[in-house]
Structure formats: C-alpha cells, structure tokens
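Trainee: predicted model and sequence follow; I will ask about them next.
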Protein chains: 2
Amino acid sequence: MFDFLKNFYMSKRHVSLKTLAQTLNVSMSTVSRALRNHPDIGPEVTRKVQELARELQYTPNPLAIGLLKDRSSTIGVIVPDLVTYFFSSIISGIESMANEHGYHIVIRCSYESYEKEKECLQDLLRLRVDGIVMCLAQETQDYAHFDTVLKSETPLVFFDRVCRPDEVATVVVDNQEAARRITRHFFESGYRRIAHIAGPAQLNITRERIEGYKQGLAECNLPFDTDLLVHCDLSIASATAATQRLLALSSPPDAIFGVNDTTAFAAMKEIKRQHLRIPQDIGLVGFTDEFHATVVEPTLTSVMHPTYEMGREAALLFLAQVDAKVAITPSQSVLTTQLVVRESSSMIPVE
Amino acid sequence: MFDFLKNFYMSKRHVSLKTLAQTLNVSMSTVSRALRNHPDIGPEVTRKVQELARELQYTPNPLAIGLLKDRSSTIGVIVPDLVTYFFSSIISGIESMANEHGYHIVIRCSYESYEKEKECLQDLLRLRVDGIVMCLAQETQDYAHFDTVLKSETPLVFFDRVCRPDEVATVVVDNQEAARRITRHFFESGYRRIAHIAGPAQLNITRERIEGYKQGLAECNLPFDTDLLVHCDLSIASATAATQRLLALSSPPDAIFGVNDTTAFAAMKEIKRQHLRIPQDIGLVGFTDEFHATVVEPTLTSVMHPTYEMGREAALLFLAQVDAKVAITPSQSVLTTQLVVRESSSMIPVE
DNA sequence: AAGCTTTGTGCAAAGCCTTGCGGAAGTATT
DNA sequence: AATACTTCCGCAAGGCTTTGCACAAAGCTT
C-alpha cells in the first residue's frame, strides 16, 4: 500500500516519528500515542499509523529515548583480558542475561593494568552506561577510582576479584571451601607434602585460596610449611619459575595445587621436563577448569567454575540495583564450585 | 573555588551544559563554544567556563551528540560464539582498534543460529550502531537479511566466514594457500594418504580449504581420493565420527588435516583411543593455532591465524567506510597465515 | 559626532521522543 | 436550545548539544 513511500523514505538513514507524522498528516504526538495503543487515539488512526510504521520499519531512536529517560540501556563490562576462556565465558553469561532484559553490553579491556582500568571506567561513565560489571585488574591495589562511580550512583558489580564489598555488589566463588577440598582430596589420595602456587597477594582470590589451603592442611593434621607456599603473578613464566623453586627444595612436594589452570599447565610442563611422572611422583590440581583441562595429558583435576552462571549472576545483581528505586545494601553472591577429579591427582588412574 | 557548588551539582546524576550556563549566568551556547576554545568567546569567560567544567567534571552527553550528528560512536559486533579463543581474540583486536578511534563496541552472540543472527542484526540496527563487524553463523545459508543493512548504508564488515563479497568488505586468511601448504608439508614429511576433515559445505572457509587441499595433492602428484574427504559440522562429536569413518576405511589415511583445531583435537583423541601413534602411524595438522595446540601431547602442528590482527583489520575496514564520504567498493583483505610445525606431523620429533 | 568594523554573546532551530494540558468537534442530557 | 460530557488530537516543553545568524557594545575612522 505504501510502497511508493517506502522507496522514498528508505533513502533517508532512519525513519522517525516525524516522517510518519508528515506522511499521514497528523502530529508527532498522535503517532507516538497510536504506536503504543493509547486509548486517546481513534482506532482508524491507530491502525493507519501502525501499518505505516510496519511498512517503513520504524523503530524508535534509542538515543532520543536515552536522552529523555536519562538511561542508555547499556551495561559497561570491563575485563582484565578478553581472550582467556574464564573471562570470555563470563562475558557470554553477562551478554545473555543482559539481552534478556533489553540491555546491550559494551566491552572494555583493562589488560590487567591499573591505569587502563581507570581509563575504561571513565570512558564508560562518559558514555552514560546504566551500570558497570567488572573484574579488577591484577595491578589494581588502590580503589579510590571507584568513588566517582559510587557517587554518580551508577550500579556497580564486581565478579571474581573484588574490593570494597560493603559498598559494591559482588559475585565470587567459594574459594576457601574449594581450596580446602583440594587439599583434603590430595590427602585422601595419599599425598603428604602438598604445595600451593598462589597468585598475587593483593587479590582476594589469592588470600581466600591460601586460607582454604591452610584450613585443609590443619584438618588433615599436616603441618603448614612456608617453603611449600610460593607466589606467582599468573603469567606462564612466573608459574614455571615457581614450580622450579618447589621442585628444587631439599624436601620437594609430592603434590601441587595451582591457583588457576594456567599456572597448573605451566607446572605440568615443568614437571614433565624434569622427567617426573604425574600423578605418581607429583599430584597436580588446577582451578577454573578451562577446556584445556580435558585435553592435556594427563588430564587435569580442577575446580569447575560456573563461569557462565557467574556472568549471569553478575548481570542479575546489576538488574537488582536498577530495579531497586532506593539505594539498597549491595548483595554478595557466592557460587559453589565442584572439584572434578581427573588423572593428574589420582594414584589410581581414572577412566 | 567552586567547592560549594560541586557538592550541590554532584547530587545530580550528570552535569550538563545547562548546569554550567546557569551557574555562570551565561548562555549554553557560550559555554559550548568556550569549551572548544572558539575564538568568538572572550579569554576571561573561556577560562572561567573551562575551570568550572573541570571542577564539576563535565563531559558532554554522547546521547545528545549522537542525536545531533546521527551517529552513536558504536560498532556492533556479532560472533557465532563468544567463548572460543578464535573469536575472543578477534574481538580483542576489534576492541583495541575501535577504542583507538573513539568507538565503543557492543557485542552480540548468534550462537551459530541463523534466526539469532537475524535478531542480533535487527537489534543492533535499532540501536543505531555506526557499523557492524561480524562473522556469519554456521547455520546461515540465506543472505537476504543483509539487504536491510546495506540499504541503511550502515558499514558492514565480515571476517573469516563471508558472503556477498562484492557488496560487503571482508577480512579472510589465505585459506587455500594454507591448505595447499599443509598438504605439501605432509607429503614432504613422507605421508602419502592424506585425508581432510572439512567443515560445513556452505562456508567459504570450507570450500577454500578443500580447494587448497586438492591443489596440494595435485602438485605432489597424489590422486584425489573422495574417501579421504569427509565433512563435519565443527562439533567435537561430529569430528570424532568423521575420524572414525576415516580410520575404518579399508585403506585408511596416514595423515589427517582438520579444518580447525577443535576438529584436530577430537581426531587426536580418537586416534589415541584406537592406540595409533601420532605422528608415526598418523600425521595430524590443525588450523587456527589455539593456545591448546602447544599443550596437547603430541603438540599439534597448526596454521597460525593472526586473529588479533584480523580483528584490527576488520575494524579498520569499518573505519575506512566511515571516512569515505562517498560509497566505495568494499575492499577485500586477505591476511597471510603461517604453518607452525610441531610434533604431530613430523616423523622426526621436533624440539 | 556619525558611521563602520570588531568583539563577544545570545536566540533559536534541529535532531527524536514522551506527556501534561488545552481545545475542537461531536454526542447526549435536561 | 443550551449545557455537559466524550472522543480525539495538537501544542509545547523538556532532555542535551551544536551552530548559523542576529544583535549589542565598544572601538575606530573620517
């Protein structure tokens, strides 16, 4: 019916309310109301407007709506690294939850840098995102840059690596409990000198896992030997070096618990290079359960992170803050992990 | 100096030109010009305005600017899958290039589904993104849904999996050349019955790699045996099944070239399960060179994709279309890959 | 002193949408 | 026939920014 118009208007970049109004010789307000089936508008006019809108594929300009309502329907997401499975699967979870609720996500990467993190944060605030969901950069030790965010009343959610938990909503896993379980699992499998390659000291995940490690040792009546607790910065090189230090001890460990899978992989490589056998000579367990874990040889025992759910939960905490008209006390969400036992930690080979 | 105002205005969600104007008793236009150092504005006023703007941390509202300039400074990115290394590293490349040029990226995931791809596309157009950078979903065989995009004159860029190359800018790798090299590499390493597990027939990457495979065979004076060319849908299960079909042949292959690393990993698992040795009994080569390739045992020979560069290049093609005031013929960019020889394909073990 | 040029500012429109309010036409009531 | 209601629609403002144009004041020339 409106074919002749269609071609004409399609040449314009976008169809607006004005376009519709002028075509039908009614006012923009009438069009606006007709589209939302406002009772004030007569059925005939409503029908015509809606028909033309469909014909011309009219969609409201989100920029205009954003301006009006002071919201962009956009969530800013900052991750330390886009490439790692851990983060990309969390992003995937955020994306799905966000989309289900009409939000889009804008991704920024801090590359584990404190300066870059600040920059991303500022950029996203400038962009007027409705909220920010993020994981702290490894470098970040000072948390003052979040003052701006809190003051602007932009909902903020941290996942995995967190800070200021009293002011900001957080999603984490049961790090301590998982580390405790790993330690006990080692003990029950017959290992007695259990080492831990930990991460950077300022990260909450590092502290919590160390805590669980110690707790596990205590429960098994094993002494805590400071020689067996080494730190690394999560890079492969540094994890390799940490492994070498452990293996060079006069009384080396018979089991190693890596703070994450990358660390564990590096350890595995080094252990093999020194012609030690896994799990016979050294037991090995990782954390996060990346896809790699099932590919390496021997397959790696690891703590399964519900990463996708973590992303969804983080987005959910954002939504909760938006819905809450008044300021609410930020909620802390703790997800449970699962220890997946594979070849690298069982004296009796698993299938 | 303006501290007393600062506290007052900070309570508002955002500081606008109006805020500044009212505070200083000048008009909004004066403020706007002063901020951009327009010569029309006196030095005294300019100084005052800029000082207050800094004090109150004024930043222009991108929604208003977008409305005015009819652009959102946003690039929509659609990937079939967020979690795979291949895509996440491409996203990383897009993000870096986009940010360097003042753009933000909005991510959507098609989950390899045709319907979802259409939906994402519509959503992003509705969002008024300035351009779309994407990779086709595996399911997509009909390309009519891009008419809308082309008609709206929204710059469009495909990477890796492409269609309508005459109308849309594309970034791909030298698939055919790489496949040819793999085949020759097998031949030079002494393999004679070289099989290829190909992907879904509708994908350009599948066709090009098959073409290169055949070309390589011809150059080595090897016959093309249809038994040795099998298809899979890129899933692990289907790749495993394909491998089984190959190994069950009365005259099985002594080398397998997988269409990507996931396929190759699945093949590796199956080959090992049948107690065949790699590379002695069967040579194996993958494509894409994910991180896993160096972790598996034996390490996997693979074609290194410049994924990060691919992302940057894709974003660059978008930028080129934006800069070009007039419609330009879309450019095709071909990136070169590199064959990384590891243990899985060399009779003589590499270091 | 009258007229002209600078110099510095503000008005208003445009970009798109929503919504309170006012108003015209028509119908029903008394 | 005059009044009171419906029914249906448009005006205009507000949200934020940019920019062409007009205007006022001041300084200059003749």
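Mentor: Happy to help now that I have it. Numbering: from 1, shown residues only, chains lettered A, B, ... in the order given.

Trainee: ok so A:V230 is a strand residue?
Mentor: Yes - A:V230: assigned to a strand according to DSSP: H, G, I helix; E, B strand; the rest coil.

Trainee: can you tell me the closest non-neighbouring residue to it?
Mentor: Among residues not flanking A:V230 along the chain, A:A242 sits closest, at 4.6 Å (CB to CB, 6 or more residues apart in numbering or on different chains). From N, CA and C alone the C-beta is placed, and that goes for glycine too.

Trainee: I'd assumed A:C232 was in contact with that neighbour.
Mentor: Yes - with contacts defined as CB atoms under 8 Å, A:A242 counts as touching A:C232 at a distance of 4.3 Å.

Trainee: distance check, the closest residue to A:D160 other than its chain neighbours against DNA strand D.
Mentor: By the measure of CB to CB, 6+ apart, the closest residue to A:D160 outside its immediate chain neighbours is A:C135, 5.1 Å from it. Going from A:C135 to DNA strand D by CB to the nearest atom of the strand, to the nearest Å gives 30 Å.

Trainee: contact partners for A:C135?
Mentor: A:78-80, A:87, A:90, A:158-161 (CB atoms under 8 Å, 6 or more residues apart in numbering or on different chains).

Trainee: and which of the residues you listed is nearest DNA strand D?
Mentor: DNA strand D has its nearest neighbour among these in A:I78, at 23.4 Å by CB to the nearest atom of the strand.

Trainee: can you give me the neighbour number for the closest one?
Mentor: When neighbours are defined as other CB atoms under 10 Å in any protein chain shown, A:I78 has 22 of them.

Trainee: phi, psi of it?
Mentor: Main-chain dihedrals, A:I78, degrees, to the nearest 10: phi -120, psi 120.

Trainee: A:D40 against A:S29, yeah?
Mentor: No - using CB under 8 Å, A:D40 is not in contact with A:S29, being 9.5 Å away.

Trainee: which parts of the stretch 51-200 of chain A are helices?
Mentor: A:62-69, A:85-100, A:114-126, A:146-151, A:175-188 (DSSP state H, counting those that start in this stretch).

Trainee: is any residue of the second one near chain B?
Mentor: Pointing back at helix A:85-100 there. Yes - using CB under 8 Å from any CB of the partner chain, we find that helix A:85-100 touches chain B at A:85, A:87-89, A:91-92, A:95-96, A:99.

Trainee: still on that earlier bit, between the contacts of A:C135, which has the most around it?
Mentor: A:I90 (31 neighbours).

Trainee: name the nearest residue to that residue, ignoring sequence neighbours.
Mentor: A:G311 (4.0 Å).

Trainee: contacting residues around the one you found?
Mentor: Counting by CB under 8 Å, 6+ apart, A:G311 has contacts A:89-97, A:159.

Trainee: in a strand, that's where it is, yeah?
Mentor: No - membership of A:G311 in a strand is not supported by three-state DSSP, which gives helix.

Trainee: roughly how far does it sit from B:M97?
Mentor: 25 Å (CB to CB, to the nearest Å).

Trainee: repeat for A:D233
Mentor: Between A:D233 and B:M97 the computed distance is 28 Å (CB to CB).

Trainee: just want to know which of these two has more residues nearby.
Mentor: B:M97 (23 against 15).

Trainee: for chain A, which residues score under the pLDDT cut-off?
Mentor: A:1-12, A:325-328, A:347-351 (pLDDT under 70).

Trainee: would you mind splitting it into its domains for me?
Mentor: A:3-60, A:72-172+A:307-335, A:175-305+A:339-345 (automatic domain parsing).

Trainee: ok, the second one near DNA strand C or not?
Mentor: No - for domain A:72-172+A:307-335, no contact with DNA strand C is found by CB under 7 Å from any atom of the strand; the gap never falls below 12.7 Å.

Trainee: quote the end-to-end distance of that domain.
Mentor: 30 Å (CA to CA, to the nearest Å).

Trainee: same check, this time on the last one
Mentor: The first residue of domain A:175-305+A:339-345 is 19 Å away from its last residue (CA to CA).

Trainee: run the chain-centre distance for that domain.
Mentor: 23 Å (CA atoms, centre = their mean, to the nearest Å).

Trainee: hmm, stretch A:255-269 touching chain B?
Mentor: Yes - Stretch A:255-269 is in contact with chain B by CB under 8 Å from any CB, via A:F265.

Trainee: what about dumping the CA coordinates of that stretch to PDB?
Mentor: Presented in PDB, the C-alpha positions along stretch A:255-269 are these (Å, rounded to 0.1, in the frame of the first residue of the first chain):
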ATOM      1  CA  ALA A 255      51.500 -32.600  45.200                       C
ATOM      2  CA  ILE A 256      51.000 -29.100  43.800                       C
ATOM      3  CA  PHE A 257      47.800 -27.100  43.900                       C
ATOM      4  CA  GLY A 258      47.900 -24.200  41.300                       C
ATOM      5  CA  VAL A 259      45.900 -21.100  41.800                       C
ATOM      6  CA  ASN A 260      44.500 -21.500  38.400                       C
ATOM      7  CA  ASP A 261      44.700 -23.700  35.300                       C
ATOM      8  CA  THR A 262      47.200 -21.600  33.500                       C
ATOM      9  CA  THR A 263      49.500 -22.000  36.500                       C
ATOM     10  CA  ALA A 264      48.800 -25.700  36.600                       C
ATOM     11  CA  PHE A 265      49.600 -26.100  32.900                       C
ATOM     12  CA  ALA A 266      52.900 -24.300  33.300                       C
ATOM     13  CA  ALA A 267      53.600 -26.500  36.300                       C
ATOM     14  CA  MET A 268      52.700 -29.600  34.400                       C
ATOM     15  CA  LYS A 269      55.100 -28.700  31.600                       C
END
